[in-house]
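Participant: Dropping the sequence and predicted coords here.
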Amino acid sequence: MSQIFTVRELTDALKKTLEGAFPFVWVRGQVSNLSRPASGHMYFSLKDADAVLNCVWFKGNQRGDERFDPLTGEVFEDGPRPSLARTLQNGTEIMCAGRLNVYPPRGSYQLVVELAQDVGLGKLFMEFEELKKKLTAKGFFESMRKRKLPYHPQKVAVITAPSGAAIQDFLRISGTRGWGTQIRIYPALVQGDLAAGQLVAQMDRVNTEGWADVIVLIRGGGSIEDLWAFNDETLAERIFGSKIPVIAGVGHEVDTTIADMTADVRAATPSHAAQLLWPERSMLMQSLDELEIRLTRRIEQQLGAKEHGLSTLERGLGWLSPEQRLKRLDEQFLGLTDRLDRALGHTFETAERTVNYSEDRIRRAFGEDAVNYQLQKVQSLKDRLQWAGDGMLTKAERTLDRAAIMLESLDPQKPLERGYSLVQKSDGTFIRSVDDVSKGEQLNVMVADGSVGVQVETTTKNRS
């Protein structure tokens, strides 16, 4: 027989299964039944031609007026935009992201919204994600294939709009960094339908010329539509196949494009790209000063080492002169003579101590004092032996007396002499309780000087 669930048990099982299978989903549909209670939460339905999904957008997940898009990261240069939570109306087509949740009191499931986006921008985001997934599979974004930028490149090709703020920021920062660098600007549109084609053409031109040490691809910030040329698949292929290392600084720090992700190095902004290419000029001057200091110290060390070596050679020559050799031999002779005198004196002292010690040992071993000492030891051992024997006998006597007393106390006749008696049944067993006998039974009563035969008339049991 199948298990019979309670309503709560079945709902909990469905809740666990549904929420585990769909922890985070994107859903597209048209808003209907929009409700805005005083709590600030929003309740609505997403519907299409065939189905309806209940949704709840809690106040804590709703965003205020936004300075940048929460999905794409684009910064709104025209100022903050009203949040979708404030402008949402019935009939609006949106994309929602969140988790599915089962609401037990109504036995229904709903989408708990965490993010919501107009379908227009949602389409761009989906296209971006699809291209990103495609290029990821091709290995465009793998860090292992990306190249390091050359240190302090001397020839830099910059592909950008020649009149934009991005190139001005780049040139301003580059003017304070590095030394002796040549910069060529390859003009291209960075926004609009023609932008991607011009960017691709300039990438081909720079690679064909082969002049540059590094290619710089930059543009200022903007909306996702403004930056869309840098999400072009052909441009990504040119960056991926470039023979020259590419650094991309497109938009602001929060902006991320396919070109940024494909480039060998990604800069947060155009200014940051210049900072990554060259060290600060003041740092180069400081490095030059440090090299001068290190060179000076190295020369001083070399001179010091040579002076030390010369002094060592001078001392060596003095050590090898005949006069110094005679002095050393004389010092060795005096040292050996002194060592011999000390050795002889030590030998005589050791021999004298050995003779005195041997004489003392002989006197202690065979003199009158030694004999008396041995006699005293014999007498002491004799006294100890006699004392030990007496002690053993005394202990044995005490043990025997205790055993006799214990044996006498165990004699069964002793209680009889004090007036007690033992009662036996006809089979010889002793009576210990009134329950052991019955009326009319013959018993034998043992006393100190004999026994008495009796017959049971009555039995009386003591009360506890």
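Facilitator: Perfect, I can see it now.

Participant: Give me the residue ranges of the stretch 151-300 of the chain where confidence is low.
Facilitator: Scanning the stretch 151-300 of the chain for pLDDT under 70 picks out 223-224, 253-255, 282-285.

Participant: quick one: the strands in it?
Facilitator: Under the criterion DSSP state E, counting those that start in this stretch, the stretch 151-300 of the chain carries strands at the ranges 155-160, 182-187, 214-219, 246-250, 265-266.

Participant: tell me which element Gln117 is part of?
Facilitator: strand 108-118 (DSSP states H and E).

Participant: Quick check, Ala166 in contact with Arg219.
Facilitator: Yes. Ala166 lies in contact with Arg219 (C-beta atoms under 8 Å); the separation is 5.3 Å. (Each C-beta comes from the backbone N, C-alpha and C, glycine too.)

Participant: Now do the shared contacts for the two.
Facilitator: Counting by C-beta atoms under 8 Å, 6 or more residues apart in numbering, the residues touching both Ala166 and Arg219 are Thr160, Val190, Gly249, Pro270.

Participant: which of these lies closest to Pro23?
Facilitator: Relative to Pro23, the closest of those is Gly249; by C-beta to C-beta it sits at 35.8 Å.

Participant: so how far is Trp228 from the closest residue to Gly251 other than its chain neighbours?
Facilitator: Excluding the flanking residues, the one nearest Gly251 by C-beta to C-beta, 6 or more residues apart in numbering is Gly221, at 4.5 Å. Distance, Gly221 to Trp228, by C-beta to C-beta, to the nearest Å: 13 Å.

Participant: Also Glu130?
Facilitator: Counting by C-beta to C-beta, the gap from Glu130 to Trp228 is 14 Å.

Participant: Compare these two (neighbour count), which wins?
Facilitator: The neighbour comparison of Glu130 against Trp228 (other C-beta atoms under 10 Å) goes to Trp228, with 20 against 10.

Participant: if I look at that one, how far off is Thr337?
Facilitator: For Trp228, the distance to Thr337 - C-beta to C-beta - is 105 Å.

Participant: in the chain, which helix has the most residues?
Facilitator: Counting by DSSP state H, the longest helix found in the chain is helix 322-366.

Participant: related to what we said a few turns ago, what about the residue nearest to Gly251, how many residues close to it?
Facilitator: Using other C-beta under 10 Å, Gly221 has 21 neighbouring residues.

Participant: Roughly how far does it sit from Glu129?
Facilitator: For Gly221 relative to Glu129 (C-beta to C-beta), the value is 21 Å.

Participant: Need the pLDDT of the most centrally placed residue in the chain.
Facilitator: Taking C-alpha atoms, centre = their mean, the centroid of the chain lies closest to Ser143, which sits 25.3 Å from it. At Ser143, the model reports a pLDDT of 88.

Participant: Any regions of the stretch 351-464 of the chain where pLDDT drops low?
Facilitator: Using pLDDT under 70, the stretch 351-464 of the chain drops low at 355, 359, 362-363, 365-368, 370-371, 409, 411, 464.

Participant: where along it do the strands fall?
Facilitator: 422-425, 442-447, 450-455.

Participant: With mean neighbour count and distance to Asp341 added, can I get these in a markdown table?
Facilitator: What follows is the strands of the stretch 351-464 of the chain, written out as a markdown table (neighbours: other C-beta atoms under 10 Å; distance: least, C-beta to C-beta, whole Å):
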| stretch | mean neighbour count | distance to Asp341 |
| --- | --- | --- |
| strand 422-425 | 15 | 108 |
| strand 442-447 | 14 | 110 |
| strand 450-455 | 10 | 114 |
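
Participant: Which strands and helices lie in contact with the one helix or strand Cys96 maps to?
Facilitator: Assigned by DSSP H and E, Cys96 belongs to strand 93-103. Strand 93-103 sits against helix 7-21, strand 25-35, strand 108-118, helix 119-137, with contacts defined as 3 or more C-beta pairs under 8 Å, 6 or more residues apart in numbering; DSSP states H and E.

Participant: so which of the ones you listed is the most packed in?
Facilitator: strand 108-118 (a mean of 18; mean count of other C-beta atoms under 10 Å).

Participant: Measure how far that strand is from the centre of its chain, please.
Facilitator: 36 Å (C-alpha atoms, centre = their mean, to the nearest Å).

Participant: Would you mind getting the angle between it and strand 25-35?
Facilitator: 100 degrees (axes from the mean of the first three to the mean of the last three C-alpha atoms, to 10 degrees).

Participant: Residue ranges of each domain in the protein, please.
Facilitator: According to automatic domain parsing, the chain comprises the domains 7-130, 155-278, 415-455.

Participant: can you redo the strands of the stretch 151-300 of the chain as a markdown table with mean neighbour count and distance to Gln3?
Facilitator: Formatted as a markdown table, the strands of the stretch 151-300 of the chain follow (neighbours: other C-beta under 10 Å; distance: least, C-beta to C-beta, whole Å):
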| stretch | mean neighbour count | distance to Gln3 |
| --- | --- | --- |
| strand 155-160 | 23 | 68 |
| strand 182-187 | 16 | 73 |
| strand 214-219 | 28 | 63 |
| strand 246-250 | 27 | 59 |
| strand 265-266 | 20 | 57 |
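
Participant: Now render those as TSV, adding distance to Pro82.
Facilitator: Output for these, formatted as TSV (distance: least, C-beta to C-beta, whole Å):
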stretch	distance to Pro82
strand 155-160	33
strand 182-187	37
strand 214-219	27
strand 246-250	27
strand 265-266	32
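
Participant: How about residues contacting stretch 98-116?
Facilitator: 7-8, 11-12, 14-15, 18-19, 22-25, 27, 46, 53-58, 61, 70-71, 84-85, 88, 94-97.

Participant: at 6 Å instead, please
Facilitator: Stretch 98-116 has contacts (C-beta atoms under 6 Å, 6 or more residues apart in numbering) with 11, 14-15, 18-19, 22-24, 53-57, 61, 84, 94, 96-97.

Participant: The residues you listed, buried ones only, as a PyMOL selection?
Facilitator: Burial among the contacts of stretch 98-116 is assessed by 16 or more other C-beta atoms under 10 Å; the matching PyMOL selection reads:
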select buried, resi 11+15+53+54+55+56+57+61+84+94+96+97
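
Participant: circling back to that earlier point, let me know the average pLDDT across the strand holding Gln117.
Facilitator: Per-residue scores along strand 108-118 average to 86.

Participant: Please name the strands paired to that strand in the sheet, noting orientation.
Facilitator: Within its sheet, strand 108-118 is paired with strand 52-57 (parallel), strand 93-103 (antiparallel), according to DSSP bridges.

Participant: how close does Ser32 sit to Gly98?
Facilitator: Going from Ser32 to Gly98 by C-beta to C-beta gives 17 Å.
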